[in-house]
Each structure stands twice: as structure tokens, then as C-alpha cells.
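Q: fold the following, please.
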Amino acid sequence: MDHYKIVEKKNPLAVHGLFDTLETARRHLAEAIPVYVEKGYFTDKTLKPNDFEIVENQPNIKGQ
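A: Okay, here's the model as predicted:
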């Protein structure tokens, strides 16, 4: 189960990764996201590495 996700700070619905552990999410944020920004992989070319954050993934519980 995915416990953490990387989202854009200004648009938390824009999810850029799902991770089982906080460690792997931190590594992706520190190592991969800067490379992706530099290479222009994101549609929004104004994004910078510090525009992303790790948040805890809340399960979607139906019926409540």
C-alpha cells in the first residue's frame, strides 16, 4: 500500500509519485525531481524542485 505521495505545493491534486516508505519518497524528491525539472519533463515549465512536497497518503474510505 502507498503511504506517501509527492504533490505540487500549490496544487495538491497534482500527484507526481506514490511511495511505500518515507525514505523512498524523500530520495525521489531529492534525486529524481530536480533532474525531471531540469530536463523539462513536467507540462508546467515554471515548476522548480522546491515546488513539491511529500504528504501522507490518506486512504479513501467509502461510506463515511
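Q: all helices for the protein, in order.
A: For the chain, the helices defined by DSSP state H cover 22-27, 33-39.
Q: other residues contacting the first one?
A: Spelled out, that is helix 22-27. Contacts to helix 22-27, defined as Cβ atoms under 8 Å, 6 or more residues apart in numbering, come from residues His3, Tyr4, Lys5, Ile6, Gly17, Phe19, Ile54. C-betas here are computed from N, CA, C, even on glycine.
Q: of those, which belong to strands?
A: In strands, judged by DSSP state E, the following of these are found: Tyr4, Lys5, Ile6, Gly17, Phe19, Ile54.
Q: any figure for the gap between the nearest residue to the first one once chain neighbours are set aside and Thr46?
A: Using Cβ to Cβ, 6 or more residues apart in numbering and skipping residues adjacent in sequence, the residue nearest Tyr4 is Ala25, 4.3 Å away. Counting by Cβ to Cβ, to the nearest Å, the gap from Ala25 to Thr46 is 23 Å.
Q: of the two, which one has the most company?
A: Ala25 (23 against 7; other Cβ atoms under 10 Å).
Q: may I have stretch 47-64 exported as PDB, CA atoms only?
A: Provided in PDB are the C-alpha atoms of stretch 47-64 (Å, rounded to 0.1, in the frame of the first residue of the first chain):
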ATOM      1  CA  LEU A  47       8.000  24.300 -11.700                       C
ATOM      2  CA  LYS A  48      11.100  24.200  -9.500                       C
ATOM      3  CA  PRO A  49      12.300  21.400  -7.300                       C
ATOM      4  CA  ASN A  50      11.100  23.200  -4.200                       C
ATOM      5  CA  ASP A  51       7.600  23.400  -5.600                       C
ATOM      6  CA  PHE A  52       7.000  19.800  -4.500                       C
ATOM      7  CA  GLU A  53       6.300  18.200  -1.100                       C
ATOM      8  CA  ILE A  54       5.800  14.800   0.500                       C
ATOM      9  CA  VAL A  55       2.400  14.200   2.100                       C
ATOM     10  CA  GLU A  56       0.900  11.200   3.800                       C
ATOM     11  CA  ASN A  57      -1.500   9.400   1.600                       C
ATOM     12  CA  GLN A  58      -4.900   9.200   3.200                       C
ATOM     13  CA  PRO A  59      -6.900   6.100   2.300                       C
ATOM     14  CA  ASN A  60     -10.200   6.800   0.500                       C
ATOM     15  CA  ILE A  61     -12.800   5.200   2.800                       C
ATOM     16  CA  LYS A  62     -16.200   4.800   1.200                       C
ATOM     17  CA  GLY A  63     -19.400   5.000   3.200                       C
ATOM     18  CA  GLN A  64     -18.200   7.600   5.800                       C
END
